[in-house]
Structure formats: C-alpha cells, structure tokens
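>>> Give me a model of this one.
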Amino acid sequence: MIKFCVRLVQRWLPEPFIFAILLTFVAALVAMPLCHQTPFEVVEHWGGGVWNLLAFAMQMALVLVCGSTLAAAPVVKRGIDAMARLPQSAPAAIALVTVVSALACWLNWGFGLIVGVVFAKAIARQRSDVDYRLLIASAYSGFVVWHAGISGSIPLTMATPGEALAMATDGALTDPVPLAQTILNWHNLVSVLLVIIGITVANTLMHPKQGVLTIDPALLRDDDNRPATADVPSTGKTPAQRLEQSKWLSWLVALMLVAYLVIHLGVRGAGLDLGGVIMIFLALGLMLHSTPVDYVRSFGKASTGAAGIILQFPFYAGIMGIITGIGASGISLGGVMAEACISISTPVTYPLLTFLCAAVLNMFVPSGGGHWAVQAPIMFTAGANLGVDPGLTGMAISWGDAWTNLIQPFWALPALAIARLDAKDIMGYCLIDLLVTGIIICAGLLVWAM
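The predicted structure is shown next:
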C-alpha cells in the first residue's frame with residue numbers, strides 16, 4: 001500500500017505550479033456548465049481574483065524567510081541540534097518530528113509549518129539511517145490539525161462579536177460562538193489527540209526497515225554562515241561599517257517589535273495572528289544574529305526559497321475568484337457545491353457532508369478565509385434549519401479545510417523550500433496519512449452529531 005501510494009504520486013503529481021494551472025482549468029470548465037457562466041464571465045472572475053491574496057502571499061513569504069533566518073542563528077542551531085540528538089532510532093525520530101510538528105501547528109499554524117521541517121532537517125543531519133522524504137512528510141503531516149487548533153481562522157472568526165459575523169453568515173449567526181463550543185469542545189480535543197496519535201503511528205510504521213533513501217548531502221548542508229563582519233578590519237572602520245556592525249541597532253528594533261506585541265496581545269487582548277508570528281520571528285532573529293548585516297546576509301540566503309509562494313499564490317487567488325464569482329445566472333460554483341451537500345443531508349450526516357464538501361473545495365481554495373467566504377452564508381443557515389449546533393458546523397468546515405492540505409501542495413511550499421524537495425517526494429506518504437486521519441475525523445464528527 002505504501003509503495004503503491006508513493007509510486008502513484010511520483011508518477012502522476014506534477015510540479016506544484018503545473019498543478020495550480022491544471023486546477024485553474026478544471027475550475028473554469030466546471031463553472032461554465034454548472035453555473036451557466038460564459039467563458040468571458042469565468043475569465044473575468046479569474047482575473048479579478050488574481051491579486052486578492054497579495055497581502056497573504058507576502059505574509060507567507062515572510063513566515064518562511066524570517067523563520068528560516070531565525071533557525072540559522074548560531075544559538076538556535078545549537079539548540080535544535082541538541083534536540084535532534086534525542087531520538088535513539090529512525091522510527092523514534094519520525095515519531096518525535098510528527099508530534100513536535102502537530103503540537104506546534106495546533107498552537108499556531110505559521111509557527112508549526114516552519115518549526116517542524118527545520119527540526120526534521122536537523123535530525124537528518126544527525127542520523128543517516130532515517131528516510132529523509134518520510135521525515136519531511138512527517139513534519140508536514142502535523143499541519144492537518146491546524147484549523148482545529150487555537151489559531152484556526154474560522155473558529156476565531158465565529159468567536160468575534162460584531163455585525164461582520166451576521167453579514168458573513170447571512171444572519172444565521174447573530175451572537176458569537178465561544179471557543180468552548182468549537183476548538184475547546186471535548187469532541188474536538190479528542191479528535192485532535194486521536195489524529196496526532198494516528199499520524200504518529202502511521203508515519204512510524206511507514207519507515208522502511210531497510211533500503212532507506214540515500215539523499216544528496218547538499219540537501220542537508222548549511223550554506224556558508226560566516227559573519228559578514230569577518231571581512232571588515234577591526235580598526236579603521238567607516239561610520240557606515242560601524243552602523244552595519246552595531247548590535248544595538250538590531251536590539252532597538254527588536255525591542256520595538258516586542259513592545260508592540262506586548263501592547264497588542266497583552267494590553268489590547270488581541271489574538272496571535274500570522275503578522276504576530278512574523279514579528280516574533282523577526283525580533284528573535286535580529287537579537288540572536290551577531291550584527292544587522294549578518295541578519296541581512298542570512299535573510300538574503302533564506303529568501304530564495306520563497307519563489308514558489310510568490311509565483312503560485314496569484315493563481316490560487318484566481319481559482320478562488322472562479323469558485324466565488326457570480327455571473328448573470330446569480331450562482332457561484334462554491335454555492336452549487338454547498339447546495340448539493342445540503343440537499344442530501346440529515347441532522348446526523350450534515351456535519352460529515354459539510355466536512356467532505358469543504359475537503360473538496362479546499363483543493364481549489366486552500367484558504368480558511370476563502371472557505372469562510374464561500375460556505376458561511378450557506379452552511380450555517382442550512383445547519384440552523386436542521387438543528388445542528390453552529391459550533392459543530394464551523395468545526396466540520398475547519399476540519400475539511402485542513403484535511404486535504406495533506407495532498408494539496410499549496411501549503412507544503414514553505415516546507416519543501418526549506419527541505420529542498422519536490423511535492424512528489426512527500427505526498428505519497430501524506431496520502432496514507434490522509435486515509436488514516438479521514439477515518440478518525442469522520443468518526444469524530446458523527447459522534448459529535450449524535
């Protein structure tokens with residue numbers, strides 16, 4: 001089974017950019033007959049959506065680059081290397097990476113997405129008997145719990161009071177839904193625990209007993225991290241050189257970032273969003289690198305990995321435009337999919353079918369905000385009519401959004417950039433995790449609905 005899935009993915013999964021182009025054409029060809037839209041309407045929706053993720057694309061690029069730059073700081077590298085020496089066997093290494101990644105993603109998805117793969121790469125440097133592709137796949141597999149965690153965008157949006165909630169749900173939700181009914185509901189917490197156990201066991205069992213993949217040492221070798229200041233004489237420095245080597249400048253900027261976070265999170269009581277994670281990475285990176293110019297050098301090396309994000313995010317934004325675009329017919333492709341789910345639902349099966357609808361939609365719109373825009377006006381109204389708890393409806397959408405990320409290369413781009421692998425190298429293993437977690441999540445939603 002494992003070999004079949006790995007070979008299937010390696011044979012049929014194209015480069016992520018090609019995959020995005022194919023999804024664009026599929027969405028366009030499906031939208032025209034189902035939504036009675038003309039080719040001109042579809043192209044207009046696509047072009048109108050292309051630039052809608054620019055801010056988010058910049059955030060994702062900064063998460064990757066700032067996180068990688070922080071990991072390159074000497075003190076951080078020493079700490080990660082020390083942790084990487086803990087597992088005493090290859091299966092233990094796989095298990096540890098899976099658990100660390102999943103817990104980090106549950107706490108904050110942006111943090112977990114980087115920490116897991118950085119830790120995995122450090123372990124690969126320590127152990128030559130661990131399969132590198134499976135190790136990186138294990139680090140990415142933990143991402144499946146992110147939307148059921150405390151940084152989940154849909155549950156957090158549902159818990160935020162204001163008119164925007166009623167408008168987004170077409171009046172189905174007028175009062176906020178507390179986190180105790182979504183993320184912190186015991187049904188959800190049990191599902192998260194079982195999913196983490198499931199992927200940990202599955203990933204460990206997938207490790208080959210022999211014939212471990214031999215990898216190119218260049219994948220693991222660090223780039224030259226010699227301080228930029230090493231080339232500058234200790235005496236006779238120019239004013240510009242003194243500024244470049246002034247650690248005080250780095251610390252002052254870092255302290256400003258920390259002060260803002262304290263005010264934003266502590267005094268204002270705001271949640272830790274993606275921007276906050278980037279600020280933490282940036283502040284720690286500035287403090288832990290020797291000088292500002294050292295940070296600049298390390299940042300420049302890390303930025304080469306953001307190419308895939310910069311190229312592909314506009315295409316997924318365009319696909320989102322096709323999915324959500326409403327033509328002269330008055331219907332959208334996302335709406336058609338949601339209505340099809342509702343038409344065959346009962347109060348017990350509704351959360352499960354909502355989950356499956358969100359899972360399919362996630363292949364075309366891999367964004368929690370996109371799911372909220374497409375499904376919230378329809379699914380919460382239908383759920384209320386069927387008597388389904390809104391917290392359950394929201395978590396069904398959230399789990400569906402996260403589940404198929406295991407086989408959607410969109411979110412794997414930062415991890416693949418750090419690991420220097422292709423999507424086809426890890427998605428075969430992730431396909432096994434998809435099957436395992438799918439059974440657990442579906443069972444959990446059915447129990448919650450009963």
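>>> where does this structure have low pLDDT?
211-236, 271-272, 274 (pLDDT under 70).
>>> Please point out which parts of the helix or strand residue 242 falls within sit buried.
Assessed by DSSP states H and E, residue 242 sits inside helix 239-244. Of the residues in helix 239-244, residue 244 count as buried by neighbour count, 16 or more other C-beta atoms under 10 Å. Bear in mind the C-beta positions are built from the backbone N, C-alpha and C, glycine included.
>>> to the chain's geometric centre, what's the distance from it?
For helix 239-244, the separation from the chain centroid amounts to 39 Å (computed by C-alpha atoms, centre = their mean, to the nearest Å).
>>> could you dump it to CSV, C-alpha only?
Extracted C-alpha coordinates of helix 239-244, given in CSV (Å, rounded to 0.1, in the frame of the first residue of the first chain):
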residue,chain,number,x,y,z
PRO,A,239,30.8,55.2,10.1
ALA,A,240,28.7,53.1,7.7
GLN,A,241,30.6,49.9,8.8
ARG,A,242,30.2,50.7,12.4
LEU,A,243,26.4,51.0,11.9
GLU,A,244,26.3,47.8,10.0
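>>> Which strands and helices lie in contact with the helix or strand just after it?
On the C-terminal side of helix 239-244, the closest following helix or strand by DSSP H and E is helix 247-261. Where contact means 3 or more C-beta pairs under 8 Å, 6 or more residues apart in numbering; DSSP states H and E, helix 247-261 is packed against helix 274-288, helix 292-303.
>>> Find the helix or strand that the closest residue to residue 285 other than its chain neighbours is a member of.
Once flanking residues are discounted, residue 285 sits nearest to residue 70: 4.2 Å by C-beta to C-beta, 6 or more residues apart in numbering. Secondary-structure assignment from DSSP H and E places residue 70 in helix 54-71.
>>> Could you list every helix and strand in contact with that helix?
So helix 54-71, by 3+ C-beta pairs under 8 Å, 6+ apart, packs with helix 74-84, helix 109-126, helix 274-288, helix 292-303, helix 307-324, helix 413-419.
>>> mind redoing it with 6 Å?
Here helix 54-71 touches helix 109-126, helix 274-288, helix 292-303, helix 307-324, going by 3 or more C-beta pairs under 6 Å, 6 or more residues apart in numbering; DSSP states H and E.
>>> could you give the angle of whichever helix in the chain runs longest to helix 307-324?
In the chain, assigned by DSSP state H, the helix with the most residues is helix 423-449. With axes from the mean of the first three to the mean of the last three C-alpha atoms, to 10 degrees applied, the angle from helix 423-449 to helix 307-324 works out at 40 degrees.
>>> Tell me, how many residues neighbour residue 61?
22 (other C-beta atoms under 10 Å).
>>> which residues sit in contact with it?
306, 309 (C-beta atoms under 6 Å, 6 or more residues apart in numbering).
>>> Can you give me the distance of it to residue 306?
Separation of residue 61 from residue 306 (C-beta to C-beta, to the nearest Å) stands at 4 Å.
>>> so the residue nearest to residue 285 touches residue 287, yeah?
No: counting by C-beta atoms under 6 Å, residue 70 sits too far from residue 287 to count as a contact (9.7 Å).
>>> More neighbours: which of the two?
Using other C-beta under 10 Å, the more surrounded residue of residue 70 and residue 287 is residue 70, with 27 against 19.
>>> which residues sit in contact with the more buried one?
Contacts of residue 70 by C-beta under 6 Å, 6+ apart are 281, 284-285.
>>> picking up where we left off before, now for the longest helix of the chain, which elements pack on it?
Applying 3+ C-beta pairs under 6 Å, 6+ apart, one finds that helix 423-449 makes contact with helix 2-12, helix 132-141, helix 186-206, helix 350-364, helix 390-403.
>>> what's the closest of those helices to residue 178?
helix 390-403 (8.3 Å; C-beta to C-beta).
>>> before we move on, back to that, return the closest of the contacts of residue 70 with respect to residue 293.
For those, the closest approach to residue 293 (C-beta to C-beta) belongs to residue 285, at 13.3 Å.
>>> State the distance from that closest one to residue 130.
28 Å.
>>> between the helix holding residue 70 and helix 292-303, how many degrees?
In terms of direction (the same axes, to 10 degrees), helix 54-71 departs from helix 292-303 by 120 degrees.
>>> Tell me what angle helix 54-71 forms with helix 274-288.
Going by the same axes, to 10 degrees, helix 54-71 makes 30 degrees with helix 274-288.
>>> Pull the distance from helix 54-71 to the chain's centre.
12 Å.
>>> wait, which of the contacts of residue 70 is closest to residue 321?
Taking these together and measuring to residue 321 by C-beta to C-beta, the closest member is residue 281, at 30.5 Å.
>>> Can you tell me the closest non-neighbouring residue to the closest one?
Spatial nearest neighbour of residue 281, chain neighbours left out: residue 66 (3.8 Å); criterion: C-beta to C-beta, 6+ apart.
>>> From what I see, the one you found and residue 279 are in contact.
No: the criterion here is C-beta under 6 Å, and residue 66 misses it with residue 279 at 8.7 Å.
>>> Who has more neighbours out of the two?
residue 66 (25 against 21).
>>> so what's the more buried one up against?
Per C-beta under 6 Å, 6+ apart, neighbours of residue 66: 278, 281-282.
>>> Same list (the residues you listed) but as TSV, adding distance to residue 297.
Converted to TSV, the contacts of residue 66 look like this (distance: C-beta to C-beta, whole Å):
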residue	distance to residue 297
278	20
281	17
282	15
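>>> Buried ones from those, can you make that a ChimeraX selection?
In ChimeraX, this line selects whichever of the contacts of residue 66 come out buried by 16+ other C-beta under 10 Å:
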select :278,281,282
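>>> any idea whether residue 408 is helix, strand or coil?
With DSSP: H, G, I helix; E, B strand; the rest coil as the basis, the three-state label of residue 408 is coil.
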